[in-house]
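A.B. asks: whatever this is, show me its structure:
(one chain, ligands or ions: 1)
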Amino acid sequence: MNPSFRLGRVAGIEIGINWTWLIVFALIVWSLASAVFPEQNEGLGDGTYIAMAGVAAVAFFASILLHELGHAVQARREGMEIEGITLWIFGGVARFKGMFPSAGAEFRIAVAGPLVSLALGIAFVAGAVLVSWSDAVDGVLAWLGYINLALLVFNLLPALPLDGGRILRSALWGARDDFRWATQIAAGIGRGFGFLFIGLGLASFFWGYGTGGLWLAFIGWFLLSAVSAEARFAEVRETFGGRRVGDLMVRDPITVDASQTIGSVMDDVVWTHRYTTYPVVEDGRVVGLVPFRRIAQVPRAEWDERRVRDCMLPLDEVPRLRADTPLEEAMMELGDGVGRGVVLDDGRLVGLLSVSDLIRALQVGGGT
Ligand SMILES: [Zn+2]
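C.D. replies: Okay, here's the model as predicted:
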C-alpha cells in the first residue's frame, strides 16, 4: 500500500496517507455526526455533533498512527529498516524492509501495536468515566475508548496478516524453527477468516442488515489478498534457499554515460550489446538507469540533441540492492516499478538484477 500524500516524519519514520483513507475519514465523520453521537448523546445541536465527529475522527486517526508507530519503533529496535507508515482504508500499515530477523523479533514487533491500542483504549475509557466533562467531551472520549478496544480485538484475531496472525506465526515459527510451516498454518487461518467475513458480510447485506455487511465482506476480501501475498513470500523464500543478490546478478554490466547523445548510444552500445537496460554513469558514479525502450522512443531527428540524462530514470526511482541482500527481499524491492535494480557497494556499481532473472531462478529452483 503506497502513500498518495506524505504528512511528514515522526521519530524519523515517514508518515503517509493513501487516498483511500480520505474516504474512510469522510465516512467516519459523517456517520458519527449523523447517527452515532445524536443517538449516544441526545439533545446537543447539529454544530456540536459535527465538531464532536471532527475531533473524534482526527483522534481516531492519531490512535491508528500511534498503533503503527508502536510496531515501527519496536522493529527499529530489532534492527529492521522501516520504510514508513501508510494510513489507508483499513487503518494503518507499517512498511518494513526485508524479513523479520527471528521469531522472537516478529513476536515483539507484532505485540507492540496492540499494546499501544490497549493503553489508548484504557486511557480514553478512564477519561470518560473518572473525570466529569461536558456531555460532548464525554461522548467523544467514550467512542474513542470503544473504537480503540474494538480495533484491538479485531487485530488480535489469529489470522495473517493481522497482528494476532503474526503473533501466532512467530510462536509456531519459534516452536518448530520452520518458517514455511508456521506461515502455512497462520495463512490457512487467515484464509478461513477471509471467507467467513465475506460469507457473513454478503449474507447480512442480502438479508437487509445494511451496508455494514458489505464493509465486512470487503475486509474479508482484503484479508484473502494480503494472506496470499504472505504465503507467496514464504514459498519464494524457501525456493531461493538462502541465496543472495550477488549469486544471481549480472556482474559489471555495460553502462552508458549520462552526457552521451542518444545517437552515440545507438551506434556504440545498442547494436553491439542489445541489453534491455543500461545503468547510467557520470564521473564514475551511477546516476540512473535507462531502459532501451526509452531510448528507442526518441525520434531519429532528435538523436543528436537528446542525451541519456534526458530519458533515464534517476537513481532515486531505481531500486538499489546490495550483493548480500537475500533474493526474496530483492523480489519485493523489484516487484513493483521498473522491474530492475542496480547493485551497489559503497556507491560503486557492481551489478544489475532484473525481475526476470529472479523468476528464472524460481523456475529452476522450484522444479516442475
Ligand atoms: Zn498492528
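A.B. asks: quick one, strands of this protein?
C.D. replies: Per DSSP state E, the chain carries strands over the ranges 5-10, 13-17, 81-88, 91-97, 250-251, 256-257, 277-282, 285-291, 313-314, 320-321, 340-345, 348-354.
A.B. asks: show me what residue of this structure gets nearest to the ion.
C.D. replies: residue 113 (3.2 Å; CB to the ion). For every residue, glycine as well, the C-beta is placed using N, CA and C.
A.B. asks: for stretch 347-363, give me every contacting residue.
C.D. replies: With contact meaning CB atoms under 8 Å, 6 or more residues apart in numbering, stretch 347-363 is reached by 236, 239-240, 243, 245-246, 248-253, 255, 276-277, 279, 281, 285-286, 321, 323, 327, 330-331, 334-335, 339-344.
A.B. asks: reformat the strands of the chain into JSON lines and put mean pLDDT next to each item.
C.D. replies: Shown next, in JSON lines, are the strands of the chain (pLDDT from 0 to 100):
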{"stretch": "strand 5-10", "mean pLDDT": "78"}
{"stretch": "strand 13-17", "mean pLDDT": "83"}
{"stretch": "strand 81-88", "mean pLDDT": "78"}
{"stretch": "strand 91-97", "mean pLDDT": "74"}
{"stretch": "strand 250-251", "mean pLDDT": "88"}
{"stretch": "strand 256-257", "mean pLDDT": "88"}
{"stretch": "strand 277-282", "mean pLDDT": "89"}
{"stretch": "strand 285-291", "mean pLDDT": "88"}
{"stretch": "strand 313-314", "mean pLDDT": "88"}
{"stretch": "strand 320-321", "mean pLDDT": "88"}
{"stretch": "strand 340-345", "mean pLDDT": "89"}
{"stretch": "strand 348-354", "mean pLDDT": "89"}
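A.B. asks: how about those in a markdown table, adding mean neighbour count and distance to residue 187?
C.D. replies: Shown next, in a markdown table, are these (neighbours: other CB atoms under 10 Å; distance: least, CB to CB, whole Å):
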| stretch | mean neighbour count | distance to residue 187 |
| --- | --- | --- |
| strand 5-10 | 12 | 31 |
| strand 13-17 | 19 | 27 |
| strand 81-88 | 20 | 21 |
| strand 91-97 | 19 | 18 |
| strand 250-251 | 12 | 34 |
| strand 256-257 | 20 | 44 |
| strand 277-282 | 22 | 34 |
| strand 285-291 | 20 | 35 |
| strand 313-314 | 14 | 35 |
| strand 320-321 | 19 | 27 |
| strand 340-345 | 21 | 28 |
| strand 348-354 | 20 | 28 |
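A.B. asks: next up, the contacts around residue 163.
C.D. replies: Residue 163 sits in contact with 71, 110-111, 113-114, 155-156, where contact means CB under 8 Å, 6+ apart.
A.B. asks: excluding chain neighbours, what is closest to it?
C.D. replies: residue 155 (4.4 Å; CB to CB, 6 or more residues apart in numbering).
A.B. asks: quick check: that neighbour touching residue 162?
C.D. replies: Yes: using CB atoms under 8 Å, residue 155 is in contact with residue 162, at 5.4 Å.
A.B. asks: who has more neighbours, those two?
C.D. replies: residue 162 (24 against 20; other CB atoms under 10 Å).
A.B. asks: could you measure from the more buried one over to residue 18?
C.D. replies: 18 Å (CB to CB, to the nearest Å).
A.B. asks: my read: the residue of the chain closest to the ion touches residue 155, true?
C.D. replies: Yes: under the criterion of CB under 8 Å, residue 113 makes contact with residue 155 at 6.9 Å.
A.B. asks: so what sits against both of the two?
C.D. replies: 67, 163.
A.B. asks: the inter-axis angle of the biggest helix by length in the chain versus strand 5-10?
C.D. replies: Ranked by residue count under DSSP state H, the longest helix found in the chain is helix 46-77. Interaxial angle of helix 46-77 relative to strand 5-10 (axes from the mean of the first three to the mean of the last three CA atoms, to 10 degrees): 60 degrees.
A.B. asks: can you give me the buried ones in helix 46-77?
C.D. replies: 48-57, 59-61, 63-76 (16 or more other CB atoms under 10 Å).
A.B. asks: chain center to that helix, what's the gap?
C.D. replies: With CA atoms, centre = their mean, to the nearest Å as the basis, helix 46-77 stands 19 Å off its chain's centre.
A.B. asks: against which helices or strands is that helix packed?
C.D. replies: In terms of contacts (3 or more CB pairs under 8 Å, 6 or more residues apart in numbering; DSSP states H and E), helix 46-77 is packed against strand 13-17, helix 19-31, helix 37-40, strand 81-88, strand 91-97, helix 103-130, helix 135-155.
A.B. asks: as CSV, those with distance to residue 304 would be great.
C.D. replies: Output for those, formatted as CSV (distance: least, CB to CB, whole Å):
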stretch, distance to residue 304
strand 13-17, 42
helix 19-31, 43
helix 37-40, 68
strand 81-88, 41
strand 91-97, 42
helix 103-130, 55
helix 135-155, 60
